[in-house]
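K.L.:
Predicted model follows, preceded by the sequence.
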Amino acid sequence: MNDGDREDAGRRLAAQALSWARSLSNGREHAPSAGAGEQRRPSSGSAAELASYSGSAAGPVPGSAPVRLGAYVSGGTEPPTEQLLHVLVQAGYQILVPVCEPDFKLSWVRWRPDIPLRRSRLAPVDEPAGERQSADVMAGAAGILLPALAADAGGNRLGHGGGYYDRFLAALAQTGTRPATAAVVYDHELLSAGELEHDVLDARVGGVLTPRGYTAATASGT
C-alpha cells in the first residue's frame, strides 16, 4: 500500500472505530443491521464526517464518567491508528493503550495527544511514557481494540506470536468481566470464518474492525 492508501485507510478506520465506540456506549456491541458475520454500512471517513462524529452528542454524556476504551499505538505495516486515537479522545472517550511487561504481560497507560512515545525494551513497538496501571483497569472498559496481522469472521485473530493479548484476555475473563473486543485489520486481512488455524490458548475476539466496517464474529468461530 502506498502512503495515500494508508492515510485513507486510517481516516476511514477512525470513523468506523468511533461508530463502534458509540454502539458500546448505547449498550450494544454492533449496530442492529450488522448481525454475526455481517458488516455495517461503510463510512466514507471524510474529514467532514469525522468532524460531525467527534462533535456529535451521540458520544459520552457530558458530566458523566468518561467511557473507557482500550486501543494501541500502531507500527510497521499495521493499519494506522493515530487518527483513530485522536478522534476517540476528541469525542470524550478515555483511551488506554498497552505497554509490554516481563513474562508477556501487559500494563496500560492513559493516552493523550501530547504523550511522548519511547521504544519498548521488550518488543519492537513504541509505547507511551506515563503512569502504568495493571491489567485490572481494563475490567471497567467498554471495549478494546486489538492489533492483528489477520483475523477471520469467526473471531480468530493472528497476532505477532508473543501471546501478550491471549494471556491478557484469558486473565481478564477470570475476573468475570469481558469487554467487547475487536481486532483491527485492513479490509483484505479479514478472512472467512475458519480460515485461521487456532487452538484452545488463542483468545477469540467479538468482531473485526476494518476501514470498510465492523464484522461481528460468528457464534461458533467457524
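P.N.:
Sure, I can see it.

K.L.:
where along the protein do the helices fall?
P.N.:
Ranges of helices in the chain, per DSSP state H, are 3-25, 47-55, 82-90, 164-173.

K.L.:
By mean pLDDT, which helix or strand of the chain comes out lowest?
P.N.:
With mean pLDDT, DSSP states H and E as the measure, the helix or strand of the chain carrying the lowest mean pLDDT is helix 47-55 (a mean of 50).

K.L.:
I figured residue 109 hits residue 94, correct?
P.N.:
No. Counting by C-beta atoms under 8 Å, residue 109 sits too far from residue 94 to count as a contact (11.8 Å). (Each C-beta comes from the backbone N, C-alpha and C, glycine too.)

K.L.:
For the spatially most central residue of the chain, give the beta-bridge partners.
P.N.:
Closest to where the C-alpha atoms of the chain average out (C-alpha atoms, centre = their mean) is residue 145, at 1.4 Å. Going by DSSP bridges, residue 145 is paired in beta bridges with residue 182.

K.L.:
So for it, what's the pLDDT?
P.N.:
Residue 145 carries a pLDDT value of 98.

K.L.:
Please apply the same query to residue 41.
P.N.:
pLDDT, residue 41: 45.

K.L.:
Residue 172 too?
P.N.:
At residue 172, the pLDDT value in this model is 88.

K.L.:
Identify the residues contacting residue 121.
P.N.:
Residue 121 makes contacts with residue 100, as judged by C-beta atoms under 8 Å, 6 or more residues apart in numbering.

K.L.:
what packs against the lengthiest strand in the chain?
P.N.:
Using DSSP state E, we find that the single longest strand of the chain is strand 94-101. In terms of contacts (3 or more C-beta pairs under 8 Å, 6 or more residues apart in numbering; DSSP states H and E), strand 94-101 is packed against strand 68-70, helix 82-90, strand 105-110, strand 126-128, helix 164-173.

K.L.:
buried ones in the last one?
P.N.:
For helix 164-173, the neighbour count (16 or more other C-beta atoms under 10 Å) marks 164, 165, 166, 167, 168, 169, 171, 172 as buried.

K.L.:
Between those residues, which sits nearest residue 4?
P.N.:
For those, the residue nearest residue 4 by C-beta to C-beta is residue 165; the value is 30.2 Å.

K.L.:
Please name the nearest non-neighbouring residue to that closest one.
P.N.:
Spatial nearest neighbour of residue 165, excluding adjacent residues (C-beta to C-beta, 6 or more residues apart in numbering): residue 146 at 5.5 Å.

K.L.:
Roughly how far does the one you found sit from residue 192?
P.N.:
Residue 146 is 20 Å from residue 192, where distance means C-beta to C-beta, to the nearest Å.

K.L.:
Mind checking which of these two has more residues around it?
P.N.:
The neighbour count for residue 146 versus residue 192, taken as other C-beta atoms under 10 Å, is higher for residue 146 (24 against 12).

K.L.:
Residue 217: neighbouring residues, count only.
P.N.:
26.

K.L.:
Confirm for me that it is in contact with residue 154.
P.N.:
Yes. Residue 217 lies in contact with residue 154 (C-beta under 8 Å); the separation is 5.9 Å.

K.L.:
Overlap of the contact sets of the two?
P.N.:
Common contacts of residue 217 and residue 154, defined by C-beta under 8 Å, 6+ apart, comprise 193, 204.
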